[in-house]
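# Here is the input, now give the coordinates:
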Amino acid sequence: MRLSLLVCIGCMICSATVAAQTYPTRPIRLVLGAAPGGSADAGARILAPKLAQALGQSIVIDNRPGANNNVATEIVARAPANGYTLLYAYSAALAVNPSLYDKLPFDPLKDFTHVQPIASFQFILVLNKSVTAASVKDLVAQMKNAKPGQFQYASAGVGSPNHLAAELFKARAGVNADHVPYKSGGPATLSLIAGETRLYFASLSSVIPHVKAGTMKGLAVTGPKRSPELPDVPTMQESGYPGFDVTAWHGIVVPAGTPKSVVDRLNKEIVKVLHMSDVQEGFRRTGLDIMADVTPQQAAARIRSETVLWAKVIKNAGIKAE
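Now for the predicted structure:
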C-alpha cells in the first residue's frame, strides 16, 4: 500500500515535470470579451505574436464580446485547466460583475488563477464632432442648457468602467445624458463617430488615432496624469474635478487548477515579452501602461479591493444589469 502510494506520488511529480518541459505542444486559444477595436483587443494583438514566438506555438485570438465580458469569462472558466485556453481578462469586469449581476455562472475570485497583469489604462472623455464644446467646462454648460434627450453617451456595456465614469461625471457635474450601452468598446466608438451618441468615456488606447485625426474631440483624460500621446488633453482633475480618477487594467488568467508548472512557464515568457522594447513602444502608442513588474499575487489582491470599491459605486448609483 505504502509502495503504491509512493509510486503514485512519483508519477504525479514526473507528470508535472514533463508538462513543464513539453508545454505547449499545440496552439493556444486566447479569449477576450471585446470586439476588435477596443483597448483589450489592441493589447492582445500586440502581446500574442511575441508570446507565440516565445512558446513555439501559435496563439489564436478569439473575440467573444457580450454581457460585460461574462461570455468570454465563462468560456474560460469552463475550459480544461491545461494552459491551452487563456483569458485576456478585463479587471473591471472581474471586480464589477459580482455586484452588477444577481448570479454569475462563475466565481471571479475562485475560478481563475492569475498568470500576469499586462497593462493599465485610463479613459478619455470624447465628443462627436458636432458638439461645439472646447472644454469640460463648456460641455457642462451646454448640457445644463440642453433639452431632455439632446445628449446621449455611449458605453461598452452596463456596468463597464466607461459607464461608471460617465455616471460619476453626471453626478459630479450635475448634468443629464441618456445611456446607450453597446457590447464592447469598438461598437461604442463607431457610434460616437457616426453621431448616434454625442459623448463617450472611451478607453484611451482605442481612440488615440481618432482624436489625432480629428474624427472626434478629446476633452479630458480620467487618470492622474496626461497621456504622452495626447499631451494637450488635460486631466479631469485639471478640468475642475479633483479626485476624478478612473483607470482599469488587463491581465492573463487561466482556469483554476491549471498546473503550476504551466502557469509558471506562461508567467516567465509573458514577463519577458513585456520587457521587449518594441512591445513597450507598441503599448505606449496605444495608451497602455505596461505592468511587467506587478506580480500575479498583487493582481489578485487588487481585484479583491476593487470588488469592494465598485460594489459601493454600483449600489449608490442604482445600476442594474439588463
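
# Excluding chain neighbours, give the residue nearest to Thr235 in space.
Distances taken as CB to CB, 6 or more residues apart in numbering place Val221 nearest to Thr235, at 5.4 Å, with adjacent residues excluded. C-beta coordinates here come from the backbone N, C-alpha and C atoms, glycine included.

# An error on my part: the question was meant for Val175.
Leaving aside its sequence neighbours, Val175 sits nearest to Met143 (CB to CB, 6+ apart; 4.0 Å).

# ok, back up a step: now the residue nearest to Thr235: how far from Glu229?
Separation of Val221 from Glu229 (CB to CB, to the nearest Å) stands at 10 Å.

# partners of the helix or strand His114 falls within in the sheet?
For His114, the host element (DSSP states H and E) is strand 112-127. When sheet partners are counted by DSSP bridges, strand 112-127 sits next to strand 199-203 (antiparallel), strand 217-221 (antiparallel), strand 247-255 (antiparallel), strand 289-290 (antiparallel).

# helices or strands up against the helix or strand just after the shortest one?
What it means is strand 289-290. Moving toward the C-terminus from strand 289-290, the next helix or strand (DSSP H and E) is helix 296-317. Where contact means 3 or more CB pairs under 8 Å, 6 or more residues apart in numbering; DSSP states H and E, helix 296-317 is packed against helix 91-100, strand 112-127, helix 161-173.

# returning to that earlier point: between Val221 and Glu229, which one's more packed in?
Comparing Val221 with Glu229 by neighbour count (other CB atoms under 10 Å), the higher total belongs to Val221, at 27 against 16.

# How is Ser227 assigned, secondary-structure-wise?
coil (DSSP: H, G, I helix; E, B strand; the rest coil).

# which residues touch it?
By CB atoms under 8 Å, 6 or more residues apart in numbering, the contact set of Ser227 is 122, 124, 204, 208, 221, 233, 287.

# ok, Ile252 touching Leu266?
Yes: the criterion here is CB atoms under 8 Å, and Ile252 meets it with Leu266 at 6.9 Å.

# Report the set of residues contacting both of these two.
Joint contacts of Ile252 and Leu266 (CB under 8 Å, 6+ apart) are 86, 115-116.

# In TSV, list the residues you listed along with pLDDT, distance to Ala156 and neighbour count.
Conversion of those to TSV gives the following (pLDDT from 0 to 100; distance: CB to CB, whole Å; neighbours: other CB atoms under 10 Å):
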residue	pLDDT	distance to Ala156	neighbour count
Leu86	98	21	26
Val115	98	24	26
Gln116	97	23	22
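
# Tell me, how many residues neighbour the residue lying closest to Phe121 once chain neighbours are set aside?
Excluding the flanking residues, the one nearest Phe121 by CB to CB, 6+ apart is Leu288, at 5.1 Å. Other residues near Leu288 come to 25 when the count uses other CB under 10 Å.

# Verify the contact between Asp62 and Arg29 for me.
Yes: shown here, Asp62 and Arg29 form a contact pair, counting by CB under 8 Å, at 5.5 Å.

# So for the closest residue to Leu139 other than its chain neighbours, what's the pLDDT?
Take Leu139 and drop its neighbours on the chain: the residue closest to it by CB to CB, 6+ apart is Ala133, 3.9 Å away. Note for Ala133: predicted pLDDT of 97.

# Contact partners for Ala133?
Counting by CB under 8 Å, 6+ apart, Ala133 makes contact with 127, 139, 141-142, 217, 219.

# among these, which ones are buried?
Buried members of the contacts of Ala133, counted by 16 or more other CB atoms under 10 Å: 127, 139, 142, 217, 219.

# what residues are up against the residue nearest to Val175?
Met143 makes contact with 151, 173, 175-177 under the criterion CB under 8 Å, 6+ apart.

# still on that earlier bit, could you rank the contacts of Ser227 by neighbour count and give me the top one?
For the contacts of Ser227, the largest number of neighbours (other CB under 10 Å) sits with Ile124, at 30 neighbours.
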